[in-house]
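Trainee: Using only what follows, build the 3D model:
(one chain, ligands or ions: 2)
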Amino acid sequence: MAAEDSRGTVATQAIQRDKGMTIIAGPCSVESLDQMMEVAATLKELGIRVMRGGAYKPRTSPFSFQGLEEEGLKILREAADAYGLLVVTEVTDSAHAEKIASYVDMLQIGTRNMANFSLLKKIGEVTAESQKPIIFKRGMAATIEEWLQASNYITMNGNENVILCERGIRTFETATRFTLDISAVPVVKKLSLLPIIVDVSHPTGSADLVPAVSRAAVAVGADGLMVEVHPDPRAALCDGPQSLDLEGLRKLVVELEPVAKAVGTSLT
Ligand code: PEP
Ligand code: MN
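Mentor: Ligands and ions are numbered 1, 2, ... in the order given. The predicted structure follows:
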């Protein structure tokens with residue numbers, strides 16, 4: 001229990017409003033222990049403290065890979081513990097909330113569930129004691145106002161530790177998977193006291209666009225950046241085309257450091 005408590009505190013301190021830019025990296029989906037160990041070793045080497053990986057995947061097509069479920073949670077925890085990392089995964093169903101919260105340090109609500117208010121209430125309740133941070137993605141067709149309103153379903157039900165995540169919205173543009181609303185960051189900073197991070201992978205849909213969008217996220221003052229990486233993106237079971245390989249992640253960190261410095265922040 002004591003270890004659990006201190007982990008919750010460390011997780012809360014990992015992403016804070018206006019206290020540096022925290023990188024969260026990892027594959028779209030957990031596929032194997034080997035895959036996650038390789039990713040975790042690279043994060044450790046780069047000083048990245050938070051790893052991501054989906055175990056329950058909300059895929060648009062029911063025929064796509066749906067995730068390893070509890071086996072994926074075990075793998076995430078094992079790989080994170082082997083390298084002293086924090087770990088975040090998505091919750092897609094109230095029925096899994098308690099189980100998922102028992103394995104990971106932060107929980108994620110995806111874009112497809114931003115307005116699933118019963119899930120948001122349940123997440124608030126399940127994490128009321130631990131206060132584990134909730135990464136709360138913007139609905140792909142939600143206004144900033146709707147997104148902020150929805151976040152109250154989590155805070156009012158016991159957990160104020162919400163981290164907003166801009167991940168791109170639907171527009172008429174088809175050159176990218178979604179349209180990253182970069183101005184959401186300063187708008188949210190004006191309207192809310194919550195930290196806000198930017199997912200740089202899902203809006204672009206393409207790994208070659210990720211570095212430029214990441215520079216913008218740092219420059220605009222985001223409190224963190226979420227990026228999908230995979231040891232072998234071409235073999236990824238989910239979102240390979242937008243995933244950086246591990247060398248790509250190394251390059252990205254080197255490239256972002258001067259941008260962070262230029263805007264008076266640091267990568268944490
Ligand atoms: C994810 O982070 O793996 C994911 C499914 O993201 P989103 O909910 O933004 O599509
Ligand atoms: Mn993904």
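
Trainee: For the residue in the stretch 101-250 of the chain that ligand 1 sits nearest to, give me its contacts.
Mentor: For the stretch 101-250 of the chain, the residue positioned closest to ligand 1 under Cβ to the nearest ligand atom is Gly110, at a distance of 2.8 Å. The way it works is simple: take the backbone N, C-alpha and C, and place the C-beta from them, glycine included. With contact set as Cβ atoms under 8 Å, 6 or more residues apart in numbering, Gly110 has these partners: Pro58, Glu90, Thr92, Lys137.

Trainee: and these, which are buried?
Mentor: Listed as buried from the contacts of Gly110 are Glu90, Thr92, Lys137; burial here means 16 or more other Cβ atoms under 10 Å.

Trainee: with those in mind, which one is nearest to ligand 2?
Mentor: Among the buried ones among the contacts of Gly110, Glu90 lies closest to ligand 2 (Cβ to the ion), at 9.2 Å.

Trainee: Could you give the backbone dihedrals for the closest one?
Mentor: Glu90 has phi and psi values of phi -90, psi 140 when expressed as degrees, to the nearest 10.

Trainee: Now it. Nearest residue, chain neighbours left out?
Mentor: Setting aside the residues directly before and after it, Glu90 is nearest to Gln108 in space (Cβ to Cβ, 6 or more residues apart in numbering), at 4.3 Å.

Trainee: Near the closest residue to Val187 other than its chain neighbours, how many other residues are there?
Mentor: Distances taken as Cβ to Cβ, 6+ apart put Ile144 closest to Val187, at 5.6 Å, once the chain neighbours are dropped. Other residues within reach of Ile144, judged by other Cβ atoms under 10 Å, total 19.

Trainee: right, and Ile144 touches Val188 too?
Mentor: Yes - contact status for Ile144 versus Val188: in contact at 6.5 Å, counting by Cβ atoms under 8 Å.

Trainee: Going by neighbour count, list what's buried in stretch 159-171.
Mentor: Residues Asn159, Asn161, Val162, Ile163, Leu164, Cys165, Glu166, Arg167, Gly168, Ile169 are the ones in stretch 159-171 that count as buried (16+ other Cβ under 10 Å).

Trainee: isn't the second one right next to Glu129, touching?
Mentor: No - under the criterion of Cβ under 8 Å, Asn161 makes no contact with Glu129, lying 11.8 Å away.

Trainee: what sits against the residue of the stretch 51-200 of the chain found nearest ligand 2?
Mentor: Proximity to ligand 2, evaluated over the stretch 51-200 of the chain using Cβ to the ion, is greatest for Gly54 at 6.7 Å. For Gly54, the contacting residues are Pro27, Cys28, Ser29, Val30, Gly67, Gly72, Thr89, Glu90, Cys238, by Cβ under 8 Å, 6+ apart.

Trainee: Could you tell me how many residues sit around the residue lying closest to it once chain neighbours are set aside?
Mentor: For Gly54, the nearest residue in space outside its immediate sequence neighbours is Ser29; the separation is 4.5 Å by Cβ to Cβ, 6+ apart. Here the number of neighbours of Ser29 (other Cβ under 10 Å) works out to 26.

Trainee: Quick check, Ser29 in contact with Gly72.
Mentor: Yes - using Cβ under 8 Å, Ser29 makes contact with Gly72 at a distance of 7.4 Å.

Trainee: For Thr12, report the pLDDT, please.
Mentor: Predicted confidence (pLDDT) for Thr12: 88.

Trainee: Buried ones in stretch 175-195, by neighbour count?
Mentor: Judged by neighbour count (16+ other Cβ under 10 Å), stretch 175-195 contains these buried residues: 176-182, 184-185, 188-189, 192, 194-195.

Trainee: With stretch 19-31 instead?
Mentor: Buried residues in stretch 19-31, counting neighbours by 16+ other Cβ under 10 Å, are found at Met21, Thr22, Ile23, Ile24, Ala25, Gly26, Pro27, Cys28, Ser29, Val30, Glu31.
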